[in-house]
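Q: need coordinates for the following:
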Amino acid sequence: QVRLVESGGGLVQAGGSLRLSCAASGRTFGSFAMAWFRQIPEKEREFVAAVSWDGGSAYYADYVKGRFTISRDNANDTVLLQMNNLKPEDTAIYYCAAGRVPGRDFRYYDYWGQGTQVTVSS
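A: The predicted model follows:
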């Protein structure tokens, strides 16, 4: 079992930056692939970024590539999402997820956090 708690969301102007953090508790965090997804009302949850269990491979959605960076610290059971040059269309609830492989489909992930709101004003 893995419990995930996100933090770091908030309100920022377009062009600004935020860093999201996901703290994990439970056993074997280092064996899980980790990912960030986001969701806005009445839309399906969409993939943002994922990182392999050892941090050696990272994957990004095209709409965040070059602006967002995912990283993990297995010593502290934490995964981060650095978001730069934010746009109003990045406004969403951001969720941290843990799964067996760093896939782009939410069905690869077994554990989810409660989410943190990110709002980007124009």
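
Q: what bridges to the residue nearest the centre of the chain?
A: Among the residues of the chain, the one closest to the centroid is residue 36, at 2.3 Å (CA atoms, centre = their mean). On the basis of DSSP bridges, residue 36 is bridged to residue 49, residue 96.

Q: what sits against it?
A: With contacts taken as CB atoms under 8 Å, 6 or more residues apart in numbering, residue 36 has the following neighbours: 20, 22, 48, 49, 50, 70, 79, 81, 94, 95, 96, 97. The way it works is simple: take the backbone N, C-alpha and C, and place the C-beta from them, glycine included.

Q: next: residue 7.
A: By CB under 8 Å, 6+ apart, the contact set of residue 7 is 20, 21, 22, 23, 116.

Q: make a markdown table from these and add pLDDT to it.
A: Below are the contacts of residue 7 laid out as a markdown table (pLDDT from 0 to 100):
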| residue | pLDDT |
| --- | --- |
| 20 | 98 |
| 21 | 98 |
| 22 | 97 |
| 23 | 96 |
| 116 | 98 |
